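**Q** Sequence below, structure please.
(one chain, ligands or ions: 1)
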Amino acid sequence: MDNFAEAAKIIKNSSLTIALTGAGVSVESGIPDFRSPTGLWEKYNPAEYAHIDAFRRDPRKIWNMIFELMGMTTSAQPNPAHLALAELEDMGLLHSIITQNIDNLHQRAGSKNVIEFHGNAEYLQCIYCGAQYSPEEFVIGTEPPVCKSCNEILKPSVIFFGETIPYNALLESQKLANTAEAVLVVGTSAVVYPASSIPHIVKSRGGSVIEMNLEQTVLTSSITDVYLQGSAGETLPILVDQLRKSE
Ligand code: NAD
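**A** Predicted coordinates:
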């Protein structure tokens, strides 16, 4: 049996399958990931840009990165990987997606059960007085938006290193990981904790880990049961085809 057939068999036999996705899923939509050689961290050092303390120290500098990311995410479209995951959900073969991405592309592809583990850019918040604003209240061009009550620079509601995971996302993901019989781990280096613990929880309860990535990760030789190498935009549609044929 080839790896795709084996993955399809696991999914068919699983009473509850979840997916954990990362930045790699959106690379084919034109949004670079962080850790690949052409990724964002080549340009923006995470310690200097992705930690909440860095934002506190120099929010204008961090907004330069945010402006660049916003430009990419607003023009990006879902790619065949997002569409294939939405189709798996439609087919009743995927319960939920837990995504580390903040680009909204799973939802735009039609996925309904999406847990945004690292938040999203839905609103802007003041980390000093707690005020929240809709981005529509500001003209976001080249100047960072400023809090209307305390005049501090606002932060998008995405999770920076050093911040806590949104409570409901964490709780719901842990519940799912403790129930799932299989997890698809797609386009993530699986090194950002606690998202990275999800496949380990599934595996520790006897569930299966199917991994889809361009390259091997820390999971591949440790807990992965089936590894499908390649771009998610190619491998996920092949897997869906395989499952459709066996319906
Ligand atoms: P990462 O950059 O650490 O890892 C990306 C992984 O995807 C790598 O293992 C890489 O080999 C793989 N990959 C790259 N292109 C691929 C493709 N076409 N098909 C399959 N796999 C591919 O990303 P991460 O693990 O998600 O963790 C980084 C953090 O960065 C996350 O917390 C996320 O919030 C954030 N981030 C989000 C976006 C986004 O929303 N699109 C973009 C960049 C970073």
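**Q** For residue 215, which residues are in contact?
**A** Counting by Cβ atoms under 8 Å, 6 or more residues apart in numbering, residue 215 touches residue 229. (Glycine included, C-beta is placed from N, CA and C.)
**Q** and what of the one 4 residues further on?
**A** With contacts defined as Cβ under 8 Å, 6+ apart, the neighbours of residue 219 are 185, 190, 199, 209, 211.
**Q** in the chain, which helix or strand is least confident?
**A** helix 46-49 (a mean of 82; mean pLDDT, DSSP states H and E).
**Q** In whichever helix or strand comes after that helix, which residues have enough neighbours to count as buried?
**A** As assigned by DSSP states H and E, the chain's next helix or strand after helix 46-49 is helix 52-57. Buried residues in helix 52-57, defined by neighbour count with 16 or more other Cβ atoms under 10 Å: 54, 55, 56.
**Q** okay, the first one: pLDDT?
**A** Spelled out, it's residue 54. Model confidence at residue 54, given as pLDDT, is 94.
**Q** what about the helices in the chain?
**A** 3-13, 46-49, 52-57, 59-75, 80-90, 105-109, 167-177, 197-204, 232-245 (DSSP state H).
**Q** who wins for proximity to residue 134 among the ones you listed?
**A** Closest approach to residue 134 among those (Cβ to Cβ): helix 59-75, 14.7 Å.
**Q** CA atoms only for the closest one, dumped as PDB, please.
**A** Output in PDB follows, covering the C-alpha atoms of helix 59-75 (Å, rounded to 0.1, in the frame of the first residue of the first chain):
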ATOM      1  CA  PRO A  59       5.800  49.300  18.100                       C
ATOM      2  CA  ARG A  60       6.500  51.400  15.100                       C
ATOM      3  CA  LYS A  61       9.300  49.000  14.000                       C
ATOM      4  CA  ILE A  62       7.000  46.000  14.400                       C
ATOM      5  CA  TRP A  63       4.300  47.700  12.400                       C
ATOM      6  CA  ASN A  64       6.700  47.800   9.400                       C
ATOM      7  CA  MET A  65       6.500  44.000   9.500                       C
ATOM      8  CA  ILE A  66       2.700  44.000  10.100                       C
ATOM      9  CA  PHE A  67       2.100  46.300   7.200                       C
ATOM     10  CA  GLU A  68       4.100  43.900   4.900                       C
ATOM     11  CA  LEU A  69       2.100  40.900   6.200                       C
ATOM     12  CA  MET A  70      -1.200  42.700   5.900                       C
ATOM     13  CA  GLY A  71      -0.400  43.600   2.300                       C
ATOM     14  CA  MET A  72       0.200  39.900   1.600                       C
ATOM     15  CA  THR A  73      -2.700  38.400   3.500                       C
ATOM     16  CA  THR A  74      -5.300  40.800   2.100                       C
ATOM     17  CA  SER A  75      -4.400  40.100  -1.500                       C
END
